[in-house]
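Student: When you get a sec, could you give me coordinates for this:
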Amino acid sequence: MARNRWKFAVALMLVLALFAAACSSDDGGSSGGDETTTTAGDGGETATTAAGATGEAMKVAFVHVGPTSDKGWSWAHNEGANYLKAQMPNVEITTLENIAEGADSQRVFENLAADGNTLIFGTSFGYMEPMLAAAETYPDVTFMHATGYLTSENMGNYFGAAEEGRYLSGMAAGARTESNLIGYVAAFPIPEVLRGINAFTLGVREVNPEAEVQVVWTGTWMDMPTEGDAAQSLLDVGADVIAMHQDTPAPGQAAEAAGAGWVGYNADNSVYAPNGWLTAPVWDWGPFYLKTAQEVQAGTWKTGAFYGNMADGTVGIAAFGPSVSDDTKALIETRKQEIIDGSFQVFPDPITNQDGVEQPLGDIFIMDYLVEGVLGTATSS
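Tutor: Residues are numbered from 1 along each chain as shown. Coordinates of the predicted model:
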């Protein structure tokens, strides 16, 4: 029903747009130099054309699993889209929010391609196979999938070394804990999330070898009650710092209410729990989005995998909260510079798993294990 309402709303908007265009043509009016935006339906569709564009605009679409107002994952990607819009004067951007992962998203990608979008970004792991199928149907359209691993002739993938920021934020958490138990509210047991937990734990134990990280799986990307309850369950068993891999501030708010510390994700969300805030890994997608759009427009784009990092600015770390000491900040800054210049690697090879057994690091993009110091399992069951 929601999808049908969305389709009806889009159709209605198209009719109104044609009517408005006809009126504009009749009276000789123009839109002036201002940016124009239209929003439609339950799907949260937004189309924006940059001011001052001449000629036919390049159409670029972004599909998000959550709302771009989340001040989290989708927000960070939308900030990147805004940068693209500001830097590339002749581009029309369509944004779809709250699009569920899974088979139904294939229709969304195909509809965007049929509507003339020549570059389509899908910003969640569960879009991977549906986008690949859509790419086969529309070989002249460029598709880009975030966080996955599959590619084709006209579909690439992209992500960033969040593990670098995770490691540094773990150092802040390890220095903050007094109980030596840190809680981690985790989303889904996929390689992306497991990499984050492992890197965070390695950072914790660099500064505090006695500390442990207890993982609770929520099976959510954005569900405030569930994520808040998960954080509370960790606080109840003695955790005095909470980390997370979701898009809401609920774990941080639970932490602050208990007098605990909080490591966020995706953005500086200190406003939601300023006293508990320590720091967070953060993203800057704008330069990558601009470069990709320019390559597609110029006909020079080639498929492949992009993995940004701290050295190129894709990954960063947010400002520190009031409880992070100057000594800890200095230690983190030193390690950050070593990561950037390549003299320090977050993951050692070999690496010690949570059973205390040394093993080859392996391919981090298919990581399916947890490291020493993590309490919990690498599956949600």
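Student: Okay, helices next: where are they in the stretch 201-350 of the chain?
Tutor: Along the stretch 201-350 of the chain, the segments classed as helices by DSSP state H, counting those that start in this stretch run 224-236, 250-257, 286-298, 326-341.
Student: Report the buried residues of the last one.
Tutor: Going by neighbour count (16 or more other Cβ atoms under 10 Å), the buried part of helix 326-341 is 328, 331-332, 335-336, 339. Just so you know, the C-beta spots here come from the backbone N, C-alpha and C atoms, and that holds for glycine as well.
Student: and if you look at the shortest one?
Tutor: Residues of helix 250-257 classed as buried: 250-256 (neighbour count, 16+ other Cβ under 10 Å).
Student: So which helix or strand of this protein has the lowest pLDDT on average?
Tutor: strand 36-40 (a mean of 32; mean pLDDT, DSSP states H and E).
Student: can you list the domain ranges for the protein.
Tutor: 36-160+284-308, 162-280+318-375 (automatic domain parsing).
Student: and these as a markdown table, adding distance to Ser381?
Tutor: Output for those, formatted as a markdown table (distance: least, Cβ to Cβ, whole Å):
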| stretch | distance to Ser381 |
| --- | --- |
| domain 36-160+284-308 | 19 |
| domain 162-280+318-375 | 9 |
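Student: looking at these, which has the lowest confidence?
Tutor: Of all the domains of the chain, mean pLDDT reaches its minimum on domain 36-160+284-308 (a mean of 89).
Student: now that domain, how far from the chain's geometric center?
Tutor: Here domain 36-160+284-308 is found 13 Å from its chain centre; the criterion is Cα atoms, centre = their mean, to the nearest Å.
Student: again with stretch 319-335
Tutor: Centroid separation between stretch 319-335 and its chain, computed with Cα atoms, centre = their mean, is 24 Å.
Student: Other residues contacting it?
Tutor: 167-168, 171-172, 175-176, 206-207, 261, 268, 270, 274-279, 317, 344 (Cβ atoms under 8 Å, 6 or more residues apart in numbering).
Student: Go ahead and confirm His77 touches Val63.
Tutor: No: the pair His77 and Val63 does not pass the contact test of Cβ atoms under 8 Å, sitting 9.8 Å apart.
Student: Pull up the overlap in contacts between these two.
Tutor: Contact criterion Cβ under 8 Å, 6+ apart; residues shared by His77 and Val63: 121, 123.
Student: who has more neighbours, these two?
Tutor: Val63 (28 against 25; other Cβ atoms under 10 Å).
Student: doesn't Asn117 make contact with that one?
Tutor: No: with contact defined as Cβ under 8 Å, Val63 does not reach Asn117; the gap is 10.2 Å.
Student: how far away is Glu192 from Arg166?
Tutor: Distance, Glu192 to Arg166, by Cβ to Cβ, to the nearest Å: 11 Å.
Student: which residues does the residue nearest to the spatial centre of the chain contact?
Tutor: Against the mean C-alpha coordinate of the chain, by Cα atoms, centre = their mean, the closest residue is Trp73 at 3.5 Å. With contact set as Cβ under 8 Å, 6+ apart, Trp73 has these partners: 65-66, 123-124, 221, 247, 265-266.
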